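In: this one's sequence-less:
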């Protein structure tokens, strides 16, 4: 019997009970009043412990516990009988306490951060309504919203028309694009597969997201058939190198079909020169996909949209409003310039139980067959409500401010002893080393770099155990461990930038 | 400037302003108090309009509007300036009003329905915390929860050990499995791709989910290389036919690598004979994947788990607790018997910026590299909290009751004039025709079936325009349009079953 069930009601019902297989079928078995009360009490906890603390820098970013310790603290085991509401509310408290506060103004660890109240409300609505967006009959509002949002995003890309679909992640968007480019190159692959075909080859920069390799492997193309193009010192693809590699591929007898440029690389925040890459794609008849998962949001800013100059020449674009624009994980669109139904032709399976053609409404609104998914979440909706709330100007201000804060941080880094920039950033990724006092007078050489390599992990461990902030580090293309600071959240201020640098100095003063 | 910003505060701050690129960097730019108030007001609407009405059969399931009409009602356009909180709250009301109430006790349209208060709370927590599950450092709680839930699901499958990952949909789970089986068959494919390899062939039943075709196409295998195996009159794969097809494929010189059995087909709810299929897979050295997206939840019931007899012999299983168990869309696990790291070997790309090996904790908890996604939602968490709340017994009761209600409906259908069962169901899919008065005396023949084919769409249109219930129909494998009733929600009672039949009679009395 379910927790919270009202026994007296049940006894009453038993009098007129219809029993099948020993189960009483009269009336519902859930006590909805108790359930609603539980939701109300939990919402109070969420409001107090997460939402109201989101901006509070005196709170910890994380309450670090090692895996084995945390397992002991949380009562993870699922048992035969359920727990009381009181116990469950305590569990909710614990889950919140030991989770990382990604909305904290000093969470700089990933390409998402902060809290947007409007997107959050949209997500609560989504969860309460529990829709799946494949047919108009079950998701009328959400399908219209998705159509509207896609149209608007297409305007910002600069296409006159287009198509698109929201999907669970930039990695998946990139897969969609790769498959679409392949379909365009040779539609028969959908039915025949790749065996007995020449080797398909695609091109992307050395600095691209790792999802390119995942996609090539998943789609049966193979990671060796991803040709990585050299980048310049700022992490941008070198067009001449692309041209060379395309020619090399042709000489080898393989079949080039796709170039994936990146607008905002993951580590350095670099933007590939789209216009020059588009020239090469045009010349060779290659599909141009732009992975703007991270950098796409700069399109909203009249000041910074030049970073993506030439994007209107792309055939497809991946753009994740859940990153710089705070729409909430996940909110990712794949946008396609083609408007002749390529997306649907490539992806459709025409399931008769879902996409009946004899429905009483215009079934062109049943867009689910463009997807590799069946159930799909209405991720466009949270972006839409946020956009309605802030207006384009409000979104633009977010981008401008994040980039201004990044610029401020760069200037501060230049002023401070012991901090060294990796490169002048174009975007919100600020990459730098912290050279602790003991290394400052060391000679440049392998030993220096080896020692410096060990610094960032120690500082990271200390900041996490203290809970004061979170900041990512990584080695990258021959460079030893450095910090990557990402500025996103509108809750972040200049004071947090100063704090970040002060805190690194404080944590590393004995190193 | 963002909506709700407090101008006086801003003026004060301007006095000590740090300006970069014309942007004031002091203090956050959001008015968090106004934001919190907006969330509170919206939550009140969600509670009153969605959650408290979930059980109310006097409410409409849907408030049908044609696409063009609904576009006019909703103010969809995003503008340069934001809207007031009052306007936004009205928009939220409208979104809710015109959305389908999938938690309504008379929503029988899909393989999900109903509301679970515990899962809902977990989903609100997730949205507020906005995590991504790839590394322990950013998602400590959610990764431990996922590990626990996967272990528990594996117990119910009957494996001694195993591995798994939650992902966005049963379709994606099936793709994971297909790629994993392919990797096991020939690990080189990850790097080399499929070109120059023999034609890979997989087997699944005629009644399988359409995601099999989507997966074969997406993975570069090709839909023609999916060999569909004949089913018996109940929709179950015929093992002898599978044996024949495997032999045929071998004779053709192609490379069979995978059998996908289905436990709970989408339309008929049929369960393939897993034990006999496993024998064939063993004999031929083929990977056995079981798509138990829909039927997997029967494993929780001691009474009904026999439907999946033999599932412990599978190499991988897809199981969606968001369907029969109400964990909320999406909650889908791919479970793998292998515990030697196959999942990770197959999927890893070893991104150095995310999966650093010099972290200060045990990085085997960073499970994100098992995924095709980068950002990933903590979908295991909602299932976990629900399981904690109800206990295994509570989950079991849900399954037993849904199947008892389906059984009740079947018996009622048999009693009523004009209703005709397609077949005796094994599970919660009750498929039937309604033969309206005018057709009851017609002779069996093409004309009768053609006329009957047109009945279900008319009834569907009428029920949606009235908003009284929602029920799916489809043609299927030579059979004309019939209704598919799916019983899931614990809010549903015997009275709703009676209503369903009465309502069809009422809606179709003039047909």
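Out: It's in. Note that this is a predicted model, so its numbers are computed, not measured. Numbering: from 1, shown residues only, chains lettered A, B, ... in the order given.

In: quick one: residue A:203 is in a strand?
Out: Yes. Judged by DSSP: H, G, I helix; E, B strand; the rest coil, residue A:203 forms part of a strand.

In: am I right that it is in contact with residue A:227?
Out: Yes. Counting by C-beta atoms under 8 Å, residue A:203 touches residue A:227, with 4.9 Å between them. C-betas here are computed from N, CA, C, even on glycine.

In: quick one, which of the two is more surrounded?
Out: The residue with more neighbours, out of residue A:203 and residue A:227, is residue A:203; 27 against 19, by other C-beta atoms under 10 Å in any protein chain shown.

In: for that one, name its beta-bridge partners.
Out: Beta-bridge partners for residue A:203, by DSSP bridges, are residue A:227, residue A:259.

In: which residues touch it?
Out: A:226, A:227, A:229, A:242, A:245, A:246, A:249, A:256, A:258, A:259, A:260, A:286 (C-beta atoms under 8 Å, 6 or more residues apart in numbering or on different chains).

In: can you select the buried ones among those residues for me in ChimeraX?
Out: Buried subset of the contacts of residue A:203, written as a ChimeraX selection, criterion 16 or more other C-beta atoms under 10 Å in any protein chain shown:
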select /A:226,227,229,242,245,246,249,256,258,259,260,286
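
In: just name the closest of the contacts of residue A:203 to chain B, please.
Out: In terms of C-beta to the nearest C-beta, no member of these lies closer to chain B than residue A:226, at 9.9 Å.

In: show me the contacts for the closest residue to that closest one other than its chain neighbours.
Out: Leaving aside its chain neighbours, residue A:226 sits nearest to residue A:216 (4.8 Å; criterion: C-beta to C-beta, 6 or more residues apart in numbering or on different chains). Listed by C-beta under 8 Å, 6+ apart, the contact partners of residue A:216 are A:178, A:202, A:222, A:223, A:225, A:226, B:193.

In: okay, residue A:216 and residue B:26: tell me how far apart.
Out: In this view, residue A:216 and residue B:26 are 46 Å apart by C-beta to C-beta, to the nearest Å.

In: what do you get for residue A:324?
Out: 21 Å.

In: neighbour count: those two, which is higher?
Out: Neighbour count, other C-beta under 10 Å: between residue A:324 and residue B:26, residue A:324 has more, with 31 against 17.

In: which one is that one nearest to, not counting chain neighbours?
Out: The shortest distance from residue A:324 to any non-neighbouring residue, by C-beta to C-beta, 6+ apart, is to residue A:297 (3.7 Å).

In: for the residue nearest to residue A:226, pull up the helix or strand it's in.
Out: helix A:211-218 (DSSP states H and E).

In: and residue A:484, which of the three is it?
Out: From three-state DSSP, the assignment for residue A:484 is strand.

In: might you report the residue contacts of residue A:94?
Out: Residues in contact with residue A:94, defined by C-beta under 8 Å, 6+ apart, are A:73, A:74.

In: kindly list the main-chain dihedrals of it?
Out: Backbone torsions of residue A:94, given as degrees, to the nearest 10, read phi -60, psi -40.

In: before we move on, what about the one 5 residues further on?
Out: Recorded main-chain torsions at residue A:99 are phi -90, psi 150, according to degrees, to the nearest 10.

In: was I right to think it contacts residue B:139?
Out: Yes. Judged on C-beta under 8 Å, residue A:99 makes contact with residue B:139 at a distance of 7.4 Å.

In: quick check: neighbours shared by those two?
Out: Here residue A:99 and residue B:139 share the contacting residues residue B:131, scored by C-beta under 8 Å, 6+ apart.

In: does the closest residue to residue A:453 other than its chain neighbours belong to a helix, a strand or coil?
Out: Using C-beta to C-beta, 6+ apart and skipping the chain neighbours, the partner closest in space to residue A:453 is residue A:480 (3.7 Å). Here residue A:480 is recorded as strand under three-state DSSP.

In: gap between residue A:480 and chain B?
Out: For residue A:480, the distance to chain B (C-beta to the nearest C-beta, to the nearest Å) stands at 11 Å.

In: neighbours of that residue, how many?
Out: Neighbours of residue A:480 (other C-beta under 10 Å): 18.

In: so what's it up against?
Out: Counting by C-beta under 8 Å, 6+ apart, residue A:480 has contacts A:433, A:449, A:450, A:452, A:453.

In: equivalent analysis for residue A:194, please.
Out: Going by C-beta under 8 Å, 6+ apart, residue A:194 touches A:200, A:220, A:221, B:193, B:194, B:195, B:220, B:221, B:222.

In: which of those has the weakest pLDDT?
Out: Minimum pLDDT for those is recorded at residue B:195 (92).

In: that one against residue A:192, yeah?
Out: No. Taking contacts as C-beta under 8 Å, residue B:195 lies outside contact range of residue A:192: 11.8 Å.

In: same for the strand or helix carrying residue A:256, what does it pack against?
Out: Using DSSP H and E, residue A:256 maps to strand A:255-262. Packing contacts for strand A:255-262, counted by 3 or more C-beta pairs under 8 Å, 6 or more residues apart in numbering or on different chains; DSSP states H and E, involve helix A:170-185, strand A:200-205, helix A:239-252, helix A:274-284, strand A:287-291.
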